[in-house]
Structure formats: structure tokens, C-alpha cells
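> here is the input, now give the coordinates:
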Amino acid sequence: MALDTQQIVTEALALLDADGLDGVTLRKLAARLGVQQPTLYWYLPNKAALITAIADAILEPQFPELAPPAPDEAWQEWLIGVAERLRRALLAHPDGARIVSTSQSSLRMAAISELAISTLVARDVPLRQARLIVLTVEHFTVGHVLEEQTGPPAAGATQPDFDLEAFAEAHPTVVAGIAEYFHDGRTPDDLFRDCLDVIIHGAATTARPTS
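Numbers count the residues shown, from 1 in each chain. I've put the predicted structure just below:
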């Protein structure tokens, strides 16, 4: 079967799932495809183009089509749903957030931003405010997933002299806040949604047309 860009991206995603972003190299990808590395440059001129193609492929399953909210749907709830879909897309692959955050020319991400900003503008949110709200939501979502995908340090990787009891004594409100939030069964999904509520519904109180 003749090589094409879709086949290259599919194999790159498989390599990402197996080895993470640091393992995605043109050399390894060429080996998996059974071609010489220079062959890939006919389809993707450099590593940046490959990362962008992977980013679009990561986003596509959650955003196969883009549609504004229904007429009776609040833009705030619609935008929360967009952010939740973005998070699911990023979490579906190791280093998904790193891929998307380093891809500066993802057409799929640009389309998401375009729809979100234009939706808010259509709901009478001033353009400047609409862009700031969408940018904040996108940056929060990617940053949140970056932290989720980094995960806790490996066993033995923490500071050997770290004293958890002393930390709790020095930062009692931080520790109490964490314990209070999760004590009744809340999950990381709940935390993400609650943070979005603060950002989006808080922003909505100032998103008023200027006279």
C-alpha cells in the first residue's frame, strides 16, 4: 500500500501511545513504516509539522464536527461542554496536552477557538472579552491536563527529607481544603468542572456589551 499522510499520522499516534512524546522521532517513525527517514519529508517537512498533524488527530475524535449551542442553551454551559471534550481528547493519549500546547498551527484547535469566540460574540459578549474568556478556558484546560498527565513523582523521586506532617502543619488551610473537597466522593472530573464553573460563570458577570 502506498504511503500517505494519514498512514504516517496513524503510526505516529501508535508510537505516541507506546513511548510518549519523547519517543516520537522521525527515525523511529520511519522504522515503523518500513521506509527511509527522508521519505517522510515528502509528506511532513519537519518535526513541527508532524506534531501539528498529531495534535489535529488527537482532537478530531472529540470534535469531528463543530456546532454552536442550541438557541435555548446558555453559552456558559456550552463552553463548559467544549472544555470537557477538549480535556477528554487530551487525556486519550499520553502527553496529549504537551502535543497540543506545542502545536502552534493546529487547524482543529483554531477552528475550536473560532467557533467559541464567534459564539460568544453572537450572544452579545464584546469581542475582546469573548477572546479573553475562550483563551483563559483553553489555557486552563491544557494546563490542567498537563498536570494530570505529569502525575505524581515516581517512588523514590520525592525529596528524601520531605516531611508530610511538617508540610501539613505549615499549610493547614491548603491541606484542609483538599481533604474537604474530596472527602465525600468528589473526583478529579468534578474538580475540573467546578474550576470551569468558577472561571466561566465568574467571567459571565463581567461579559456585558459596552454602551
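
> in the chain, where is pLDDT below threshold?
The model of the chain has pLDDT under 70 over residues 1, 152-160, 208-211.

> hey, where'd the strands end up in it?
With DSSP state E, there are no strands along the chain.

> got a list of what the residue nearest the centre of it touches?
For the chain, the residue sitting closest to the mean C-alpha position, by Cα atoms, centre = their mean, is Val142 at 3.6 Å. Neighbouring residues of Val142 by Cβ atoms under 8 Å, 6 or more residues apart in numbering: Leu86, Leu90, Ala97, Val100, Ser101. Using the backbone N, CA and C atoms, a C-beta is placed for each residue, glycine as well.

> what do you get if the cut-off is 6 Å, keeping everything else the same?
Counting by Cβ atoms under 6 Å, 6 or more residues apart in numbering, Val142 touches Ala97, Ser101.

> distance check, it against Gly20.
17 Å (Cβ to Cβ, to the nearest Å).

> same question for Asp124.
44 Å.

> out of the two, which sits in the busier spot?
Just comparing Asp124 and Gly20: by other Cβ atoms under 10 Å the higher neighbour count belongs to Gly20, 14 against 11.

> give me the neighbour count for the nearest residue to the more buried one once chain neighbours are set aside.
Nearest residue to Gly20, sequence neighbours excluded (Cβ to Cβ, 6 or more residues apart in numbering): Pro94, at 4.7 Å. By other Cβ under 10 Å, 17 other residues sit near Pro94.

> next up, phi/psi of Pro94, please.
phi -60, psi 140 (degrees, to the nearest 10).

> residue boundaries of the helices in the chain?
For the chain, the helices defined by DSSP state H occupy 5-19, 26-33, 37-40, 47-59, 75-91, 96-102, 107-122, 127-150, 164-170, 172-182, 188-204.

> right, and those helices - which one's nearest Glu65?
Among those, helix 107-122 comes nearest to Glu65, with 10.1 Å by Cβ to Cβ.

> the closest one: how far from the chain's middle?
Distance, stretch centre to chain centre, for helix 107-122: 15 Å (Cα atoms, centre = their mean, to the nearest Å).

> in it, what counts as buried?
Arg108, Met109, Ile112, Ser113, Leu115, Ala116, Ile117, Thr119, Leu120 (16 or more other Cβ atoms under 10 Å).

> great, nothing more from me.
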